[in-house]
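Student: Please find the sequence and the predicted model below.
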There are 2 protein chains.
Amino acid sequence: MNRESKTSVGVIGLGAMGMGVAMTLVRNGFEVHAYDVRPEAVLKIVDSGGVSSTSPASMAQLVDVLIVVVVTAEQTDAVLFGENGAAPHLKSGSVVIASATVSPDYAKSLAKRLESIGVLMIDGPLSGGAAKAMSGEMTMMTSGSPAAYAKCEEVLEAIAGKIYRLGDEAGPGSVVKMVNQLLAGVHIAAAGEAMALAIRAGANPDQVYEVITNSAGNSWMFENRVAHILAGDYTPLSAVNIFVKDLSIVLDYARKSVFPLPLSATAHQMFLQASAAGHGLEDDSAVIKNFPGINLPEPKLAGGI
Amino acid sequence: MNRESKTSVGVIGLGAMGMGVAMTLVRNGFEVHAYDVRPEAVLKIVDSGGVSSTSPASMAQLVDVLIVVVVTAEQTDAVLFGENGAAPHLKSGSVVIASATVSPDYAKSLAKRLESIGVLMIDGPLSGGAAKAMSGEMTMMTSGSPAAYAKCEEVLEAIAGKIYRLGDEAGPGSVVKMVNQLLAGVHIAAAGEAMALAIRAGANPDQVYEVITNSAGNSWMFENRVAHILAGDYTPLSAVNIFVKDLSIVLDYARKSVFPLPLSATAHQMFLQASAAGHGLEDDSAVIKNFPGINLPEPKLAGGI
């Protein structure tokens, strides 16, 4: 691989997903400029061979592709258009890959604002979790112009194992991510509800998990999150508050379109209840703590006395 | 295989699942006595080598194991204890495998009533669909006494690919089936809600299916039932009204236990709405027809003009 020929890439946001994206790019020989509000996260990238940036603005003029891996639309706006934001300093013809889970309407308006200053955009939400981000095997639900893809194709191929191209403008990428989050949120809440009933009914939770994961009642989320419940481990891989936010995006979008979503609305209330009860920063499987009068599995001790 | 050594088995109820169970038993060399309210269904078994019965009562004295594969607790009660019911004529020490989806409380009380007349019972709901019943590869969620299992082990092994043994009395089999149906019902309704929103948002439904079935939003039911929606084919493999019934069982059980099930209650309302609108006998994926103002995929024509 010829390091010199590689695109210069900026990564803003070095959380669970962004850290993996930046590390993967360094590993693949890209010149990586990294920024995060936490300097210790930036130092990790520098130790691996990346370049630190003191602000989005300062990296903007140095990169051909800028990946924004923050959590919300508000954060996306701040790092691009806020104080020391990147947008005014981006090179003409450069590409922003916008990867936060946001409303399709926000993705569309962001693409227009960037276009007005000569910058291309890929609407590019991520899926797959921190481990897959680190190994370059994430799934990306993307849409954007052929010119935007042409500019960042090698970057996308480095960071994602599966890249869905869903349309030639911003919007469809975020629509499909929204549909995925609707299902993910409902399935996590349903997994909690089902396991709560099973425990209430006196069933052996481990046995229920074994049967359901081999039956028609299974879901990707049931299989993944009920394992946390059985281990009594609510270390946040993805937190309750993420679904408070993501189901808000789904419900706000549908409400504007005057469209009913009864299950999403119910699941959202369940995550709100869990968050209001103080579990917002725990793993999203903590939604099962809404259900009273049952004994959840205790944490398994990792050996010792 | 020695036909003479095989148990004599009765099958009551020759619907989608029962027909497959009876055919599988005939194929495996059992002496099979079959009864259904529809004589044409019984004739199919006779044509394959089984024996017809004119009533549950008339077959009862001839069998060592009786499998009841009807739909509801009411039907189970009728064929065992109603007019010409089997129970009073069953041999002492014979076994009833009760396979309808019923409340765990009903399963327990049924076992007691049978025990009082010297008959054993396996609480044995089925899962897997008609094709797997026909090939002898169903999943069974069972519980019962060791004596009951000993009596019907070779029958269970013939009809099921996977037999979960969940406890040594009636109840746990039906509890786990109930938990499975809770999840299945919520996931089907969620699949409808998610696809409805995707279509409303202008996404390509085939593309959404491709992405979701490879993402964390997937469920067994999404993968299976959305295929029916995309084909515009609502031929009932399992009907809307089955979930009107099964989620009633779940909710009645929880209510007696004073336990909240917000998602199950919402999904139940969605199936009730679909049924009230005239879709009760269509495939359960017809729950998507609740959502107004969207164009669902049209039936694919099977060739021709």
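Tutor: That came through fine.
Student: Please make it C-alpha for all contacts and neighbour counts, starting now.
Tutor: Fine.
Student: how many neighbours does the residue in chain A positioned nearest to chain B have?
Tutor: Of all residues in chain A, A:S219 sits closest to chain B, at 3.8 Å by C-alpha to the nearest C-alpha. With neighbours defined by other C-alpha atoms under 10 Å in any protein chain shown, the count for A:S219 comes to 29.
Student: Bridge partners for the spatially most central residue of chain A, pull those for me.
Tutor: Centroid-nearest residue in chain A, with C-alpha atoms, centre = their mean: A:L126, separated by 5.4 Å. Bridge pairing for A:L126 (DSSP bridges) gives the partners A:M140.
Student: what's the single longest helix in chain A?
Tutor: Among the segments of chain A that qualify as a helix by DSSP state H, the longest is helix A:172-200.
Student: ok, then the element right after that one?
Tutor: Using DSSP states H and E, the helix or strand that follows helix A:172-200 in sequence is helix A:205-212.
Student: Residues touching the helix or strand following that following helix, excluding its own?
Tutor: Later in the chain than helix A:205-212, the nearest helix or strand by DSSP H and E is helix A:220-231. Helix A:220-231 is contacted by residues A:184, A:187-188, A:191-192, A:195, A:205-206, A:209, A:213, A:234, A:285-286, A:296-300, B:216-219 when judged by C-alpha atoms under 8 Å, 6 or more residues apart in numbering or on different chains.
Student: Equivalent analysis for stretch A:108-128, please.
Tutor: By C-alpha under 8 Å, 6+ apart, the list of residues contacting stretch A:108-128 reads A:87-88, A:90-101, A:107, A:137-145, A:147-149, A:169-174, A:177, B:215-216.
Student: And for stretch A:23-32?
Tutor: Contacts for stretch A:23-32 (C-alpha under 8 Å, 6+ apart): A:1-3, A:6-11, A:22, A:45, A:48-51, A:133-136, A:155, A:158-159.
Student: and with 6 Å instead?
Tutor: A:R3, A:K6, A:S8, A:V9, A:G10, A:G50, A:V51, A:G136 (C-alpha atoms under 6 Å, 6 or more residues apart in numbering or on different chains).
Student: Identify the farthest-apart pair in those residues.
Tutor: For the contacts of stretch A:23-32, the farthest-apart pair by C-alpha to C-alpha is A:V51 and A:G136; their separation is 19.6 Å.
Student: Compare neighbour counts for the two and give me the winner.
Tutor: Neighbour count, other C-alpha under 10 Å: between A:V51 and A:G136, A:G136 has more, with 24 against 18.
Student: quick one on the thing from earlier: distance of the residue nearest to the residue of chain A closest to chain B when sequence neighbours are not counted from B:P104?
Tutor: Excluding its sequence neighbours, the residue lying closest to A:S219 (C-alpha to C-alpha, 6 or more residues apart in numbering or on different chains) is B:S219, at 3.8 Å. Distance of B:S219 to B:P104, given as C-alpha to C-alpha, to the nearest Å: 26 Å.
Student: Check A:I249 too.
Tutor: A:I249 is 39 Å from B:P104, where distance means C-alpha to C-alpha.
Student: higher neighbour count, these two?
Tutor: Shown here are A:I249 and B:P104; by other C-alpha under 10 Å, B:P104 has more neighbours (23 against 19).
Student: Let me know the pLDDT of that one.
Tutor: B:P104 carries a pLDDT value of 98.
Student: quick one: it and B:S174 touch, right?
Tutor: Yes. Contact criterion C-alpha atoms under 6 Å: B:P104 and B:S174 qualify, at 5.0 Å.
Student: Do you have the strands of the stretch 1-150 of chain A handy? List them.
Tutor: Per DSSP state E, counting those that start in this stretch, the stretch 1-150 of chain A carries strands over the ranges A:8-12, A:31-35, A:51-52, A:65-68, A:95-98, A:120-123, A:126-127, A:138-144.
Student: now the ones you listed as TSV including mean pLDDT?
Tutor: Listed next are those as TSV, based on pLDDT from 0 to 100:
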stretch	mean pLDDT
strand A:8-12	98
strand A:31-35	98
strand A:51-52	97
strand A:65-68	98
strand A:95-98	98
strand A:120-123	98
strand A:126-127	93
strand A:138-144	97
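Student: and chain A, which residues reach chain B?
Tutor: With C-alpha under 6 Å from any C-alpha of the partner chain as the criterion, chain A meets chain B at residues A:V179, A:N180, A:L183, A:A184, A:A194, A:A216, A:G217, A:N218, A:S219, A:W220.
Student: would a markdown table of the residues you listed with pLDDT be doable?
Tutor: As requested, the residues of chain A next to chain B are exported to a markdown table (pLDDT from 0 to 100):
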| residue | pLDDT |
| --- | --- |
| A:V179 | 98 |
| A:N180 | 98 |
| A:L183 | 98 |
| A:A184 | 98 |
| A:A194 | 98 |
| A:A216 | 94 |
| A:G217 | 96 |
| A:N218 | 97 |
| A:S219 | 98 |
| A:W220 | 97 |
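Student: Taking these together, which two end up most distant?
Tutor: Comparing all pairs in the residues of chain A next to chain B by C-alpha to C-alpha, the longest separation belongs to A:V179 and A:A194, at 22.2 Å.
Student: The two: who's more crowded?
Tutor: Higher neighbour count among A:V179 and A:A194: A:A194, with 27 against 24, using other C-alpha under 10 Å.
Student: and the more buried one, what is it in contact with?
Tutor: By C-alpha under 6 Å, 6+ apart, the neighbours of A:A194 are B:V179.
Student: quick one: it from A:R27, how far?
Tutor: Applying C-alpha to C-alpha to A:A194 and A:R27 gives a distance of 42 Å.
Student: The residue lying closest to A:A78 once chain neighbours are set aside: neighbour count?
Tutor: Excluding the flanking residues, the one nearest A:A78 by C-alpha to C-alpha, 6+ apart is A:G85, at 6.5 Å. Residue neighbour count, defined by other C-alpha under 10 Å, stands at 20 for A:G85.
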